[in-house]
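Colleague: A predicted structure for the sequence below; I have some questions about it.
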Amino acid sequence: MPMTYEEFNENRKGHNCIWLHQEDMDIGGGKISFEDIDRINQYDNIDKVMISGLRQDTFEYFVKKYGNKIKFINFFKNKLVEDFSPLSSLTKVRHISFFHNQRVTKLWDMSSNRNLEGLSIDDFSRLHSLDGIQTAPQLKHLHFGDRVWLTSTLNDLIPLTETRLVSFSFFGKNIVKNDISIYTKMLKLKFLDFPPKFYTTEQLAQIVASRPDISGNALVPYIKFDDELSNGEDVLICGKRKPFLNSKKDAVKIKAYADQFYQLVEQYKPKK
């Protein structure tokens with residue numbers, strides 16, 4: 001069965017993984033040895049693996065010796081790996097997640113990753129292009145952004161137009177050439193997520209107007225939270241520089257923002 005959006009997000013969390021790492025690993029991920037990697041042989045029916053502390057040599061060793069036995073790989077804190085090209089050999093992997101890298105500047109040729117459906121990339125300081133994802137024949141879900149440091153940037157979203165992605169999420173700092181019309185060209189896209197204040201209200205309305213079939217947490221006039229902040233605010237108006245409000249005290253303001261949003265959606269709907 002194809003990987004669903006819910007399964008993709010669950011896999012990104014790295015639950016139920018065998019975790020391979022240096023025994024006395026430091027907070028930066030440590031430095032895993034070949035012997036540490038070989039501990040994988042202690043386990044039967046390996047399906048999900050998290051691995052930390054790889055350098056280029058141990059990365060290549062792990063990928064070559066064990067990569068094609070694993071369907072879900074979470075590369076957690078492998079900041080000194082420089083070249084991802086060995087991943088081209090993985091024909092069975094379904095989901096790859098990366099967290100924290102300071103050396104990689106480009107992705108890899110994914111044309112032989114014929115079962116890869118999900119790819120997640122977080123906290124990369126030198127990777128600014130998604131070029132390469134269009135080579136993955138079955139890629140359906142892509143996430144790019146930050147989990148700790150709000151520093152990740154992309155030059156543009158152009159490679160997305162050559163994919164058949166069902167979901168895309170961006171939670172980084174910036175997209176330099178941020179052309180929202182690209183989303184209208186992604187005909188298979190059903191889920192689109194980004195921070196609620198990443199786009200202006202007008203841009204959000206344009207996306208909703210042009211692609212009403214796409215769902216997303218921020219593709220709405222506001223987000224209502226179950227718990228209030230210390231000052232009682234529990235509603236976030238979506239859009240750049242929009243406020244947090246209180247659902248009871250500011251009910252009239254919230255309605256006005258919602259009305260404005262839906263008016264803009266109507267305004268930007270394609271003319272028949």
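Modeller: Great, that's in hand. It should be emphasised that the depicted structure is a prediction, and the values quoted were computed from it without experimental measurement. Residues are numbered from 1 along each chain as shown.
Colleague: going forward, measure contacts and count neighbours with C-alpha atoms only.
Modeller: OK.
Colleague: for the one residue sitting closest to the centre of the chain, give its distance to Asp123.
Modeller: Of all residues in the chain, the one closest to the mean position by Cα atoms, centre = their mean is His143, 1.5 Å from it. Counting by Cα to Cα, to the nearest Å, the gap from His143 to Asp123 is 11 Å.
Colleague: Asp227 too?
Modeller: 28 Å.
Colleague: have a look at the two and say which one is more surrounded.
Modeller: Ranked by neighbour count (other Cα atoms under 10 Å), Asp227 and Asp123 place Asp123 first, with 25 against 10.
Colleague: touching the helix or strand hosting that one from outside, list them.
Modeller: Under the criterion of DSSP states H and E, Asp123 resides in strand 118-124. Contact with strand 118-124 is made by 3, 8, 12, 94-102, 104, 139-152, as judged by Cα atoms under 8 Å, 6 or more residues apart in numbering.
Colleague: please narrow those to those residing in helices.
Modeller: Residues of these located in helices (DSSP state H): 8, 12.
Colleague: can you say which of the contacts of strand 118-124 are buried?
Modeller: 8, 12, 94-102, 104, 139-146, 151-152 (16 or more other Cα atoms under 10 Å).
Colleague: all helices of this structure, in order?
Modeller: Along the chain, counting by DSSP H, helices occupy 5-12, 34-38, 56-66, 181-184, 201-210, 251-268.
Colleague: can I get those helices in a markdown table with mean pLDDT and distance to Phe194?
Modeller: Below are those laid out as a markdown table (pLDDT from 0 to 100; distance: least, Cα to Cα, whole Å):
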| stretch | mean pLDDT | distance to Phe194 |
| --- | --- | --- |
| helix 5-12 | 95 | 14 |
| helix 34-38 | 97 | 35 |
| helix 56-66 | 98 | 31 |
| helix 181-184 | 96 | 13 |
| helix 201-210 | 98 | 11 |
| helix 251-268 | 98 | 18 |
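Colleague: for those helices, which one ends up most surrounded?
Modeller: helix 201-210 (a mean of 21; mean count of other Cα atoms under 10 Å).
Colleague: quick one: list the elements packing against it.
Modeller: Counting contacts by 3 or more Cα pairs under 8 Å, 6 or more residues apart in numbering; DSSP states H and E, helix 201-210 is packed against helix 181-184, helix 251-268.
Colleague: chain center to the longest one: distance?
Modeller: Put simply, helix 251-268 sits 29 Å off its chain's centre (Cα atoms, centre = their mean, to the nearest Å).
Colleague: do stretch 142-156 as well
Modeller: Its chain's C-alpha centre and that of stretch 142-156 lie 8 Å apart, by Cα atoms, centre = their mean.
Colleague: contacts only, for Pro195.
Modeller: For Pro195, the contacting residues are 170-171, 218, by Cα under 8 Å, 6+ apart.
Colleague: kindly recompute the last result at 7 Å.
Modeller: Counting by Cα atoms under 7 Å, 6 or more residues apart in numbering, Pro195 touches 171, 218.
Colleague: same question for Asn217.
Modeller: Counting by Cα under 7 Å, 6+ apart, Asn217 makes contact with Asp193.
Colleague: no more questions from me, cheers.
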